[in-house]
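# Predicted model follows, preceded by the sequence.
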Amino acid sequence: MKTDIIISGVGGQGILSIAATIGLAAIDHGLYLKQSEVHGMSQRGGAVQSHLRISSEKVISDLIPLGEADMILSVEPLESLRYLPWLSENGWLVTNTKPFVNIDNYPSTESIINEIKKLKHYIAIDADETAHSVSSPKSSNMVILGAASNYIDIPEQSFLIAIEKLFFRKGNNIVNGNIKAFLEGKKSGVSI
Amino acid sequence: MEKLLLLGNEAIACGAMDAGISGIYAYPGTPSTEITEYVQNSPEAYNKGIRSEWSVNEKTALEAALGMSYAGKRSMVCMKHVGLNVAADPYINAALTGVNGGLIVTVADDPSMHSSQNEQDSRFYGKFARMPVLEPSEQQEAYNMIFYAFELSEKYKLPVMLRITTRLAHSRTGIVRRNGLRQNNLNLPSDSKQFVLLPSIARGRYKLLLRLQPQLENESEISGYNMFFPGNQKNLGIIAAGIAYNYYLEVSRKNKLNYPVLKICQYPLPVKLLEKIAGETQKLLVLEEGYPFIEEQLRGFFNKPFIVEGRLSGKIPYDGELNPDCVADALDIEKKVLHSVPSVVVNRPPALCKGCSHADMFFALNEAMKKFGKGKVFSDIGCYTLGALPPYEAIYSCVDMGASVTMAKGAADAGLFPAVAVIGDSTFTHSGITGLLDAVNDNSPVTIIISDNLTTGMTGGQKSSASGRLESICKGIGVDPQHIRIINPLKKFHQENVTILLKEIEYKGVSVIISQRECIQTATRRKKTGNSVKLTHDSNEN
């Protein structure tokens, strides 16, 4: 198997913990991976992305070629569209619909949703609301990851182990909250 | 052996620890910071007594690493590419002194300037200094190379440069560790004159360095890091250096290409291997990250008219980071890109954090500067460089570490009034102190604002060299204590701060305003861990 994922969001939204969870799950499932991250100045409230490649064979390039991503996984709707040239023909776009507005000229939500709806395969959910209903808004990342996990060829159990490993130090409540958010996200379908 | 999931930078740090370093020296700089941080956070390194605190700047870091090598131990110094400009003096001279214990100079270049002010290629520095350079193509190779680099360094008694780029530094993958080596014992150089670069001795040292060049070239020929891979599509030969080899492999596997390939990960260039691939093929395509370093050297290199393509010939864009797409383009492979970026997508540039102390300082400064007009504030390298962008538009320069102070001084010398500098606390200790002394010696009419957020913010909140001591440093340099003011950049003190700024800006001599409030990122983290922070003053002075 091979799954190439672009993870996107705004600096500070914690896309790296999504990447880390998938990474740990992939390793638990005996897969190879490469994950490139953005550090430094662009982290400060700017657009950030991570290229995550998992495969049953050794991964070579750190970067995903254009048109070859199996998924764009975004914690922010505007950011989900920024990397569309990477999306492959049968690729999925999985995104949070809750905008993160830190610029004056942020486009209307409607115009963003319209663009998302043009795609063949997409899941767009208000992950903040879902997270709030089952645990805390902070775990919206895990809601999106849960929704995306339906299209990543790694068993649920590996994801749950990864979440536990990643949040273990923060205590049981945080682990359970994130697991709940993940499982709730997993139930989500197209909801815009 | 178990695999560790490590960033390229962490793999290098882990390799250095396993290869028996006794110390690592660095000033934080993207994309190199995590190398040193990994050692700082490693309980293993702590138990082995590996020294890892931050240095004041790259020059002091390299010199300290050279001192550790003089004492017979293995050391590594790490920096971003522009940091090597700061450390260039000891770097070039260290090729002449040579080393005693192994010394690796790890330099992380930032093509595409993700977080830098230029994209200079450090391989030129390697050639300039006549020093061997290693350039890994992927993270495991980077880990393995550390062992080899130390062997090479100790075999020829020369420092070795390890050149990496952003993608390798900041990409995570599984790494297999080797059995660790013991640290070297304390041991003085056998030649007591080796490190004395008096002209008469330096001439001899330089001749020795030149005599070593054919041997270094031979190491490049036989090294396992430079490899020739035969292929049956002989109309084109591929020369792929460092991470470019990785991108080429990605493209060639997918498209079943079978060109002869020369992988180059060690310099000086392996002449025989180059002649071999040129002898078998009709033209060459050079794939390299950074400047056309190899391509330039290959112009006129062969004894026959020969086409060499790459960044210089325009086959690959001259500037910017390499990626699998531009490599595929250069090989005339068509891509299937179905989507474009919708027009609704607008830019989201980086911005100062909500609650950032620099932001409140800029609002106060802008108000104070209103009556003087635009173009009179010089600035520096750090988060506060974002003060050039809206909504602040408060600063008019960002050149190199420390240049705000000296440029303001030079502009004041030219008659510009007022001339104001905005510099961060860590940048000030890195390279601002000497410039302030120049200003004091000339009694230049400048106002230096040290925007002190008590940390090295942009690289993630590393320890700032002189937290809590900036005021006494300025006094020690000779700034009149009456014109060293400390303000607390909070909205509630805005008006008072504007008044102080205005008064000092109008003063016709050197004044320093320390605008002091903790970085909002480190403050949030600190609240979670419950650590305390030491301030020069606990409250606004007024």
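Nice, I can see it. Computed from a prediction, not measured in an experiment: that's the story for all the values here.
# now the strands for chain A?
A:2-10, A:32-36, A:47-55, A:69-74, A:87-96, A:122-125 (DSSP state E).
# now for the fourth one, which elements pack on it?
Just to be clear, that refers to strand A:69-74. strand A:2-10, strand A:87-96, helix A:140-149 (3 or more CB pairs under 8 Å, 6 or more residues apart in numbering or on different chains; DSSP states H and E). The C-beta positions use only the backbone N, C-alpha and C, and glycine is treated the same way.
# Could you spell out the sheet neighbours of it, each with its direction?
Sheet pairing of strand A:69-74 (DSSP bridges) gives strand A:2-10 (parallel), strand A:87-96 (parallel).
# shaky segments in the stretch 1-150 of chain B?
Along the stretch 1-150 of chain B, segments meeting pLDDT under 70 span B:1.
# need the strands of chain A in JSON lines with mean neighbour count, can you?
Converted to JSON lines, the strands of chain A look like this (neighbours: other CB atoms under 10 Å in any protein chain shown):
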{"stretch": "strand A:2-10", "mean neighbour count": "24"}
{"stretch": "strand A:32-36", "mean neighbour count": "23"}
{"stretch": "strand A:47-55", "mean neighbour count": "23"}
{"stretch": "strand A:69-74", "mean neighbour count": "26"}
{"stretch": "strand A:87-96", "mean neighbour count": "22"}
{"stretch": "strand A:122-125", "mean neighbour count": "22"}
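# Please produce TSV containing these, extended by distance to residue B:159.
Rendered in TSV, the data for the strands of chain A read as follows (distance: least, CB to CB, whole Å):
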stretch	distance to residue B:159
strand A:2-10	39
strand A:32-36	29
strand A:47-55	33
strand A:69-74	41
strand A:87-96	46
strand A:122-125	53
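# would you turn the ones you listed into a markdown table with mean pLDDT?
Output for the strands of chain A, formatted as a markdown table (pLDDT from 0 to 100):
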| stretch | mean pLDDT |
| --- | --- |
| strand A:2-10 | 95 |
| strand A:32-36 | 95 |
| strand A:47-55 | 94 |
| strand A:69-74 | 98 |
| strand A:87-96 | 96 |
| strand A:122-125 | 95 |
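# List just the one of those that sits closest to residue B:322.
Closest approach to residue B:322 among the strands of chain A (CB to CB): strand A:32-36, 13.4 Å.
# And the closest one, what does it pack against?
Short answer (3+ CB pairs under 8 Å, 6+ apart): strand A:32-36 packs on helix A:15-28, strand A:47-55, strand B:171-176.
# buried stuff in the shortest one?
In this case it means strand B:171-176. Burial within strand B:171-176, assessed by neighbour count using 16 or more other CB atoms under 10 Å in any protein chain shown, is assigned to B:171, B:172, B:173, B:174, B:175.
# helices or strands up against it?
Short answer (3+ CB pairs under 8 Å, 6+ apart): strand B:171-176 packs on strand A:32-36, strand B:3-7, helix B:8-18, helix B:139-156.
# rewinding a little: with distance to residue B:185 added, can I get the strands paired with strand A:69-74 in TSV?
Formatted as TSV, the strands paired with strand A:69-74 follow (distance: least, CB to CB, whole Å):
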stretch	distance to residue B:185
strand A:2-10	48
strand A:87-96	57
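# Among those strands, single out whichever gets nearest to residue B:85.
strand A:2-10 (32.4 Å).
# any idea how far the most centrally placed residue in chain B is from residue B:87?
Centroid-nearest residue in chain B: residue B:80, 0.7 Å away (criterion: CA atoms, centre = their mean). Using CB to CB, to the nearest Å, one gets 11 Å for the distance from residue B:80 to residue B:87.
# Check residue B:349 too.
In this view, residue B:349 and residue B:87 are 31 Å apart by CB to CB.
# Comparing those two, which residue is more hemmed in?
residue B:87 (25 against 15; other CB atoms under 10 Å in any protein chain shown).
# Could you list which residues are in contact with the more buried one?
With contacts defined as CB atoms under 8 Å, 6 or more residues apart in numbering or on different chains, the neighbours of residue B:87 are B:57, B:58, B:59, B:61, B:62, B:77, B:79.
# and if we set it to 6 Å?
Contact partners of residue B:87, counting by CB atoms under 6 Å, 6 or more residues apart in numbering or on different chains, are B:58, B:59, B:62.
# and of the residues you listed, the nearest to chain A?
residue B:58 (16.5 Å; CB to the nearest CB).
# in terms of contact, does the closest one touch residue B:27 like I think?
Yes - the pair residue B:58 and residue B:27 passes the contact test of CB atoms under 6 Å, sitting 5.1 Å apart.
# Just give me the neighbour total for residue B:3.
By other CB under 10 Å, 13 other residues sit near residue B:3.
# Distance of the residue nearest to it when sequence neighbours are not counted relative to residue B:166?
Nearest non-adjacent residue to residue B:3, counting by CB to CB, 6 or more residues apart in numbering or on different chains: residue B:174, 3.7 Å away. Here residue B:174 is placed at a distance of 20 Å from residue B:166 (CB to CB).
# What is the neighbour count of residue B:373?
By the criterion of other CB under 10 Å, residue B:373 has 7 neighbours.
# Skip the chain neighbours and tell me the closest residue to residue B:66.
residue B:94 (5.4 Å).
# Validate this expectation: that neighbour resides in a helix.
Yes - residue state for residue B:94 (DSSP: H, G, I helix; E, B strand; the rest coil) corresponds to a helix.
# shouldn't it be in contact with residue B:64?
No - using CB under 6 Å, residue B:94 makes no contact with residue B:64, being 11.9 Å away.
# Contact partners for the spatially most central residue of chain A?
Centroid-nearest residue in chain A, with CA atoms, centre = their mean: residue A:73, separated by 3.6 Å. Contacts for residue A:73 (CB under 6 Å, 6+ apart) come out as A:5, A:7, A:94, A:148.
# Turn those into JSON lines, including distance to residue B:270.
Converted to JSON lines, the contacts of residue A:73 look like this (distance: CB to CB, whole Å):
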{"residue": "A:5", "distance to residue B:270": "38"}
{"residue": "A:7", "distance to residue B:270": "39"}
{"residue": "A:94", "distance to residue B:270": "47"}
{"residue": "A:148", "distance to residue B:270": "46"}
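# low pLDDT regions in chain B?
Ranges of chain B meeting pLDDT under 70: B:1, B:530-542.
# Okay, domains of it per the record?
Per the record, chain B has its domains at B:3-222, B:227-330, B:357-529, by automatic domain parsing.
# Kindly reformat those as a markdown table containing distance to residue A:176.
As requested, the domains of chain B are exported to a markdown table (distance: least, CB to CB, whole Å):
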| stretch | distance to residue A:176 |
| --- | --- |
| domain B:3-222 | 24 |
| domain B:227-330 | 40 |
| domain B:357-529 | 20 |
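# which one of those lies closest to residue B:344?
With CB to CB as the measure, domain B:357-529 is the member of the domains of chain B nearest residue B:344 (21.0 Å).
# one step back: partner residues bridging the residue nearest to residue B:3?
Using DSSP bridges, the bridge partners assigned to residue B:174 are residue B:5.
# give the contact list for residue B:516.
Contacts of residue B:516 (CB under 6 Å, 6+ apart): B:452, B:486.
# measure it to residue B:522 for me?
Using CB to CB, residue B:516 is found at 13 Å from residue B:522.
# repeat for residue B:379
Counting by CB to CB, the separation of residue B:379 from residue B:522 is 21 Å.
# next one: residue A:5
Computed as CB to CB, the residue A:5 to residue B:522 distance reads 31 Å.
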